[in-house]
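Undergrad: Sequence below, structure please.
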Amino acid sequence: MDKYSPNIEAMVSIMIKKAVITALLLPLWIYVSGCGGASNSGGGSGSSSTTVSGVVIDGPVTSSIVTFTDGNGKFIIAAKTGADAQYSISIPIGTSFPLHVSTSGGTDRVSEEAPAAMDSLVADASQTTANVTPMTSLVYRAVVANAGNLDKVTAPMIATAKKDVVAKFGFGIDAENSGIDPVTSAVNANTITSVIRSSEAMAETIRRAVGPNQTTVAQVLTILGEDMADGYLDGKKGGADLTHTMPTGFDASTIATTVAQQKVAVGLEVVANQLTVTKSDGSELSLADSKTQLSRAVNRVVSTVSASTALDKMNQMPLSENQVTQVTTDINDAIKVHGILGESTSALTALGTAAKNLKAGQAGIDRIDTLVASTATSTVDTVTSNVKNSTYATSVLSSAVATVGPPGTVTVSGIVVDGPVVGATVTIRDNTDGTVLGTAVTGADARYVLIIPAGSSFPLHLSSSGGTDKVSGATAAQMDSYVIDANQTTANITPLTTVLYHAAVNAVGGLRYMTATSVSQVKTEMMAQFGFGIDAQEVELDPVTSPIRSGNVVSVVRSAEAMGETMRRAVGSSATAVTRALAVIGADMSDGTLDGLKNGVTIAETLETGLSAVDLSIVVTQHKAIVGVEAANNSLKVTQSDSTQVTASNVLTKLSLASHTLEPSVAQATAATSMAALLISTKQKAQLTADLTDALTYQTSQGATTTALTALQTATDSMVSGQTGAGVVSTTVIDTAASATKTITDGIKNGTSSAVMVISDVYQPVSQRVGSDHCSGDCV
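TA: Got it, this is the predicted structure:
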């Protein structure tokens, strides 16, 4: 207990007695001391006694202890709310302002249970009202978080906090009086109905978001207040981590996410006058009982407003401008969050359309179709439950809530995967001179989150360096990706995105010339050549911009590993060699054809292994034919840093664990089952056919024995789009073809075989793209 904090219950009893004496002596005191003026500066000491009154509302809280302390935490005075949930007290002469007002104990007369502790403040000696509600708690915590301490709080800080809190959590508090101040406006017959309803809505939002335990609710009010210090509910305070202790099972991102979800649901109920109340045991009052308790609550605080009148008022309550804005903003924010989490946004989009029917000054009842509202509510409830059950990776949640943070910055997140790469440094650079705009490190889930500074010039280059590939165990190669514009919130980094990045840059002559249109064309070609069934689970998957989630993680992991393994077999397991090879292959693919040429001109590049660009195109073509079959057949082998190979069964174990690492909601056993059941996609089947044709064409042109590869091609014909590929081809047939292919590629790498590329007609080169004549340092 603080040294200034005596037994409050005992002191309140004494103070009530003293109040009588004070009332008798006050006229004489005024005569002796005069009528000295009060300061309006937001601080200082009162030179005369100040009477402060107010109401304590979650629902109306009776018998609550209302305590006043100064900026140093020193106890000043306390009072107790009456049967009407109101209090009044005289602040002693000489008291230094601002003051912290806090409540403890009592009974919430809506739930008939103990309420959460709440806060408010008295800015200076001129303030005569200090209401205490969940909303005023946010205001108090926000201003203190901004100022650093209560005695540093200023009037402008308080005004800003009130405006932000009413905008985000008002729930129509200003429906009856547009000028109402949640802290300083005395409640009366013309405001009490909207105040009761909005206070209950705020508390109900938190109960549904984190649970009805009142200690937890009080903690979350404190955390939300700090979060709102910058005016945004994003789990950050001005971009910095929050400092307050989190409730068990929650962090700043999970609290911000669940509260944002339930703000949508509760906001809809308030609009339709269908707010229900959750009790401490998790049970819910019926709609009829909730309405009865809320209308009685109005009458309890202001007896001149009958319960029936209050109920009528709630049914006919017009929507305020702030309320309409809050509802539409909450829906739009939830859509952004759902998009990052990989959840469907259709129900919320439909709700957003329906919400256009809400008009300020008109009642909200029957304005939104009940089916649309209930479907959307079910969606946000599902996401809330998923968050509580740790379905989403921490970094994904951070990225999701960051999308509703301060404007001017862009948050981008994604995965770094050959196998999952843990501990990689992700760097984002501008498109002019490569200036570093930010860095992040991938976590144990191989995910990162980056905040892009305001004013950045898009497109931007993303690269990963270092870190450990959790499948091969080796240091990962450097990989690349891009952020095309400020609307892009996901940027995955994989071997495929690396080749795609370099192809796109070389196609137009530099990063700064890339556009969504130019990238789209290159992306189509890359998916055809190097997709390895990445779209087996999600047909429209974008390797760069699609959030990785339970519905696509298995195919993404398999595809990334297949691409990485192709490069390791082609140039060796050295991270440096793979890094350079990916860049050269990208440049090669900038004209749509893998042939060692860029628009008909040989790429003047020699890798550290001695391979030329033409050599590399041949070697890659040979190996990706084998790897593609292994991946489709669920019998992929992986080359380790010592050049030994991990067996197919062990690779399956590693890949299923990798899927679980990236998406914890997918159990390892489930991932293994899903991988074995993956269907051959249309693009994957086309790639298999083309790769084997190209490999055979080259081997035939060199006079090599093609028996093994022909046998593999024949066996692979049995792989059909829309059917599972696992186990279709004998591993003996695959291994025999792989051995024959390795002999040929080793000859090329050792300089004992000639390398003249012969391209089939499967991949047709595209026309030379505009801009390639001014290729900058971004290009190979």
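
Undergrad: then stretch 390-404 to CSV, C-alphas only?
TA: Only the C-alpha atoms of stretch 390-404 are listed here, as CSV (Å, rounded to 0.1, in the frame of the first residue of the first chain):
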residue,chain,number,x,y,z
SER,A,390,-3.5,-18.3,-30.4
THR,A,391,-4.5,-19.3,-33.8
TYR,A,392,-2.6,-16.5,-35.5
ALA,A,393,1.2,-15.9,-35.3
THR,A,394,2.2,-13.0,-33.1
SER,A,395,3.9,-11.2,-35.9
VAL,A,396,0.7,-11.5,-38.1
LEU,A,397,-1.4,-10.0,-35.4
SER,A,398,1.1,-7.1,-35.0
SER,A,399,0.9,-6.5,-38.7
ALA,A,400,-2.9,-6.7,-38.7
VAL,A,401,-3.4,-4.1,-35.9
ALA,A,402,-0.7,-1.9,-37.4
THR,A,403,-2.9,-1.4,-40.5
VAL,A,404,-5.2,0.7,-38.4
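
Undergrad: how distant is that stretch from the center of its chain?
TA: How far stretch 390-404 lies from its chain's middle: 3 Å, per Cα atoms, centre = their mean, to the nearest Å.

Undergrad: What ranges does the stretch 151-300 of the chain have for its helices?
TA: For the stretch 151-300 of the chain, the helices defined by DSSP state H, counting those that start in this stretch occupy 155-169, 192-210, 214-227, 252-271, 287-301.

Undergrad: Same question for the stretch 501-650 of the chain.
TA: Assigned by DSSP H, counting those that start in this stretch, the stretch 501-650 of the chain shows helices spanning 516-530, 553-571, 575-588, 613-632, 648-662.

Undergrad: For those helices, state which one has the densest average packing.
TA: Burial of the helices of the stretch 501-650 of the chain is given as mean neighbour count (mean count of other Cβ atoms under 10 Å); helix 553-571 ranks first at a mean of 28. Placement of C-beta: from N, CA and C, glycine included.

Undergrad: ok, for Ser519, nearest residue in space, not its chain neighbours?
TA: Not Ser; residue 519 is Val. Nearest non-adjacent residue to Val519, counting by Cβ to Cβ, 6 or more residues apart in numbering: Ala504, 4.9 Å away.

Undergrad: how close does the one you found get to Met675?
TA: Going from Ala504 to Met675 by Cβ to Cβ, to the nearest Å gives 30 Å.

Undergrad: pLDDT score assigned to Ser772?
TA: pLDDT recorded at Ser772 is 40.

Undergrad: Look up phi and psi at Val66.
TA: phi -110, psi 110 (degrees, to the nearest 10).

Undergrad: quick one, what contacts the residue lying closest to Ala677 once chain neighbours are set aside?
TA: Using Cβ to Cβ, 6+ apart and skipping residues adjacent in sequence, the residue nearest Ala677 is Thr724, 5.7 Å away. Contact analysis of Thr724 by Cβ atoms under 8 Å, 6 or more residues apart in numbering lists Ala676, Ala677, Leu678, Leu679, Ile680.

Undergrad: May I have the beta-bridge partners of Thr724?
TA: Counting by DSSP bridges, Thr724 forms beta bridges with Leu679.

Undergrad: so how far is Leu636 from it?
TA: From Thr724 to Leu636 the distance is 15 Å (Cβ to Cβ).

Undergrad: now swap in Ala393 and tell me
TA: For Ala393, the distance to Leu636 - Cβ to Cβ - is 24 Å.

Undergrad: so Lys268 sits right up against Arg367, yeah?
TA: Actually, residue 268 is Leu. It isn't Lys. No. Leu268 is beyond contact range of Arg367, at 10.2 Å (criterion: Cβ atoms under 8 Å).

Undergrad: Show me which of the two is the more surrounded one.
TA: When neighbours are counted by other Cβ atoms under 10 Å, Leu268 and Arg367 differ, and Leu268 comes out ahead with 26 against 17.

Undergrad: Can you give me the distance of that one to Val327?
TA: Separation of Leu268 from Val327 (Cβ to Cβ): 7 Å.

Undergrad: what does Gly725 give?
TA: Distance of Gly725 to Val327, given as Cβ to Cβ: 48 Å.

Undergrad: same deal with Ala256?
TA: Counting by Cβ to Cβ - Ala256 and Val327 are separated by 18 Å.

Undergrad: These two: which is more packed in?
TA: Remark: of Ala256 and Val327, Ala256 carries more neighbours, 30 against 25, as counted by other Cβ under 10 Å.

Undergrad: so that one touches Leu233, yeah?
TA: Yes. Using Cβ under 8 Å, Ala256 makes contact with Leu233 at a distance of 5.4 Å.

Undergrad: hang on, the earlier thing: tally of neighbours for the residue nearest to Val519?
TA: That count, for Ala504 with other Cβ under 10 Å as the rule, works out to 30.

Undergrad: swap in Thr325?
TA: By the measure other Cβ under 10 Å, the count of residues near Thr325 is 16.

Undergrad: surely it meets Ala167?
TA: Yes. Applying Cβ under 8 Å as the test, Thr325 and Ala167 come out as touching, 6.8 Å apart.

Undergrad: how much space between the spatially most central residue of the chain and His338?
TA: With distances taken as Cα atoms, centre = their mean, Ala400 lies nearest the centre of the chain, 1.3 Å away. For Ala400, the distance to His338 equals 8 Å [Cβ to Cβ].

Undergrad: Please apply the same query to Val646.
TA: Distance from Val646 to His338, counting by Cβ to Cβ: 38 Å.

Undergrad: isn't Leu287 right up against Val277?
TA: No. With contact defined as Cβ under 8 Å, Leu287 does not count as touching Val277 (9.6 Å).

Undergrad: Tell me which of the two has more neighbours.
TA: The neighbour count for Leu287 versus Val277, taken as other Cβ under 10 Å, is higher for Val277 (24 against 14).

Undergrad: so how far is Leu294 from the more buried one?
TA: In this structure, Val277 lies at 8 Å from Leu294, with Cβ to Cβ as the measure.

Undergrad: Find the residues that touch each one of these two.
TA: With Cβ under 8 Å, 6+ apart as the test, Val277 and Leu294 both reach Gly59, Val110, Glu200.

Undergrad: Give the buried subset of the residues you listed as a ChimeraX selection command.
TA: Per 16 or more other Cβ atoms under 10 Å, the buried members of those correspond to this ChimeraX selection:
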select :59,110,200
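
Undergrad: shaky segments in the chain?
TA: Applying pLDDT under 70 to the chain flags the ranges 1-47, 408-409, 752-780.

Undergrad: rerun that using 80 as the cut-off
TA: Applying pLDDT under 80 to the chain flags residues 1-48, 239, 395, 405-410, 454, 608-609, 641, 751-780.

Undergrad: okay, now the domains of it?
TA: 8-388, 506-750 (automatic domain parsing).

Undergrad: Could you name the stretch from those domains that's closest to Val483?
TA: When these are compared by Cβ to Cβ, domain 506-750 sits nearest Val483, at 8.9 Å.

Undergrad: end to end, how far does that closest one reach?
TA: 29 Å (Cα to Cα, to the nearest Å).

Undergrad: ok, residues contacting the helix or strand hosting Ala142?
TA: Assessed by DSSP states H and E, Ala142 sits inside helix 134-147. The contact list for helix 134-147, computed with Cβ under 8 Å, 6+ apart, reads 58, 100-101, 116, 118-121, 130, 150, 153-154, 157-158, 161-162, 164-166, 169-170, 173, 182-183, 198-199, 202-203, 206, 221-222, 224-226, 228-229, 237.
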